[in-house]
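In: the sequence isn't on hand, but the structure is:
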């Protein structure tokens, strides 16, 4: 029962938050029965708390440990030596690669892949040689990861997703990326290897973040931007061009290629007028 | 057997359509035997028509109903209370979350996720509070969804994909999105929450569509555009910049940042020449 | 044991390559026991070499053949008539559709989909008619494919990934695409149908490549570019605009729409000054 006094106080401050809290009161996450479905394949060296629920056709590898109250949805595959916290919910069909570490109350939606190999290659006379990816993917508490999002393990050292981070669907997180606490990233973003994103950031959908850069805390990037260098100042950032009719866009687009020439011609005109003025 | 008279008539009108029709005559979708594979796990409260085929290692949840002639490929996971129409084909490894509704003759390719939670968060002093996602994902008849595409359920109300919509691979459809009948969207597009796309639209690959906007019927957007506001007029739309050599692009790119300054300097030059002309 | 003489020679040439080679010496891919897990469902007409390992809850379809030393991770689904080479490693949860051909030493990460239908549609008075996709997806030797990446089968003829190609996570490869040997493509790129990419190219993350174009050998495209036409010359290519503060970007963005007008006004100013000079 929500007390109306408390409710009113909240409404004044932050109606969206109240809505969130009411939604959880009215529609609490469904209860589940603990137990291991008979079709699940659990390695005999895995350690599952007695209150854990593992759905149909799941696989849990050797040496993995699952803490109290966690629910592993049907069709999920958990590799060897994975550590999983309390009260997690892996909805269905998630894949967690070996050696990953998952915090408490983590929610993983279908198709999520945690801890797969990063894209590490060295060139050997034009052929690519694989760099073994020996780090881990480590997720803090209260992390939520959307459907079909991929988080690579570290090359050396770990990929780290701090507590309270929320990732939408179809996001790529490269090896050794570090995402600070309570940062939220919208669908389709891709973060290249070793990028470091601060705390309390919001990153718009389909944004690209290149590798080996740093983004400060409290930075906000709008949808479909390319972050090609470090961002050291708090603030809002963007790239891209505005939507136009195709006919107008073609004209702008041709001129974009001529921009440097246009800038030089403006300079010449200014010089020319200056000379005239001096001549007068 | 294709009668040559009918064929010739068609060829004149629309050769690509004829090719499509012939491809289905020559290569009809493979036949399948009805039946439930012994490794599939079907909840005893699920209702499957006797002509349904369910492949190896599938899971079908409580209260779900699958109509005549539908084929569920191996490794698919269907949640509770899912309603599935006639003659659907879920190729393999699809995940349909609880309460989703799937129309007749729907084709879902591998890795598709239907009805997972949308990205609904409220800020509570810098921490994110989850908004329970209680709506459904509802797909009309004759919808086809490409591999690893994600369609979120509604936050409140439903996410709706009308009849005849075709989605390519790796597309994101956010919560409460509405896609009008016979719209086709190419790979890698992302549609943010509550966007409403009209009928008979085509959306190019990797296009981003921000949330809470409307796109009219018969709108066409070219690849990799960002639709940042509503589109009310029929037509073709684009954003982005053209490909250049990296050296030339760097020059254009620097000037893009100076565009406002350039525009002001042109204005000053015009004023200056006007004054001169007046002075003559 | 690495001999220090050979090692020193390598260090001088290419330290990153040495690191790659050492990583494989120190962390060799884990050994696995051959054998078919009891929960795997293998069609009786499939042919598996005795040294093959098939994990828990896998499915292998009719007529498929898996060569020596290949390891199929848990939860993988392999369709009918799939041909798989020697010493492959499918980590977990991969889906390979019927009739695909996979070369030797291929690595497929979780969620990969090989050989699903391409996006082939013909318009029939506003409704879409499916074009049956009857070609195959054919991967050469030493190919590595990242998590949740999709490679469509050919419409007619095959989609071809030549030897040594490396694809990162969440990439789309459309029907009848041809990727030349030893090309590497970063996460989130999408390659539309029938595009042909040369050998030894590198394609940056989130890059879009439109259909039916050709890219020469040794071409390098930076992240988040749109390749909208064929590239015939070796070199580095880019598109997009630089990141700015949102306030500055809004100004640049408005001016982008006015670019054609700005260019015309520069021309008028030049004409005007020329006339004045002639007049003097």
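Out: That came through, no problem. For clarity, every value in this text was computed on a predicted model and none was experimentally measured.

In: pull the longest helix from chain A.
Out: Longest helix of chain A, by residue count under DSSP state H: helix A:259-279.

In: for the stretch 51-200 of chain A, which residues are neighbours of chain C?
Out: A:57, A:59, A:75, A:77, A:79, A:93, A:95, A:97, A:111, A:113, A:116-117, A:119-124, A:126-132, A:134, A:148, A:150, A:152, A:170, A:172, A:174, A:188, A:190, A:192 (CB under 8 Å from any CB of the partner chain). In short, each C-beta sits where N, CA and C put it, glycine included.

In: what angle do the longest helix of chain A and helix B:259-279 make?
Out: 30 degrees (axes from the mean of the first three to the mean of the last three CA atoms, to 10 degrees).

In: hmm, helix A:259-279 touching chain B?
Out: Yes: contact of helix A:259-279 with chain B (CB under 8 Å from any CB) involves A:259, A:260, A:262, A:263, A:266, A:269, A:270, A:273, A:276.

In: drop anything exposed from those residues.
Out: Buried members of those, counted by 16 or more other CB atoms under 10 Å in any protein chain shown: A:259, A:262, A:263, A:266, A:269, A:273, A:276.

In: any stretches of the stretch 151-280 of chain A with poor pLDDT?
Out: Counting by pLDDT under 70, the stretch 151-280 of chain A shows low-confidence ranges at A:279-280.

In: where exactly do the strands run in it?
Out: According to DSSP state E, counting those that start in this stretch, the stretch 151-280 of chain A carries its strands in the segments A:159-161, A:166-167, A:172-173, A:178-179, A:184-185, A:190-191, A:196-197, A:202-203, A:208-209, A:214-215, A:219-221, A:226-227, A:235-238, A:244-245.

In: please tell me how far the residue positioned nearest the centre of chain A sits from chain B.
Out: The centre of chain A sits closest to residue A:167, judged by CA atoms, centre = their mean, with a distance of 4.1 Å. Noted for residue A:167: a distance of 9 Å to chain B, by CB to the nearest CB, to the nearest Å.

In: and residue A:105, by the same measure?
Out: For residue A:105, the distance to chain B - CB to the nearest CB - is 10 Å.

In: check contacts around that residue.
Out: A:85, A:86, A:87, A:88, A:141, A:142 (CB atoms under 8 Å, 6 or more residues apart in numbering or on different chains).

In: tally of neighbours for the spatially closest residue to residue A:236 that is not a sequence neighbour?
Out: Closest residue to residue A:236 apart from its sequence neighbours, by CB to CB, 6 or more residues apart in numbering or on different chains: residue C:246 at 3.8 Å. By other CB atoms under 10 Å in any protein chain shown, the residues close to residue C:246 number 17.

In: correct me if wrong: residue C:246 contacts residue A:231.
Out: No: here residue C:246 does not reach residue A:231: they are 11.8 Å apart, not a contact under CB atoms under 8 Å.

In: next, residue A:99: secondary structure please.
Out: Secondary structure assignment for residue A:99 (DSSP: H, G, I helix; E, B strand; the rest coil): coil.

In: before we move on, back to that, ok, and what's touching the longest helix of chain A?
Out: Here helix A:259-279 has contacts from A:255, B:248, B:251-252, B:254-256, B:258-259, B:262, B:265-266, B:269, B:272-273, B:276, C:259, C:262-263, C:266, C:269-270, C:273, C:276, using CB under 8 Å, 6+ apart.

In: how does it look with 10 Å?
Out: A:255-256, A:258, B:241, B:248, B:250-256, B:258-259, B:261-263, B:265-266, B:268-270, B:272-273, B:276, C:256, C:259, C:262-263, C:265-267, C:269-270, C:272-274, C:276-277, C:280 (CB atoms under 10 Å, 6 or more residues apart in numbering or on different chains).
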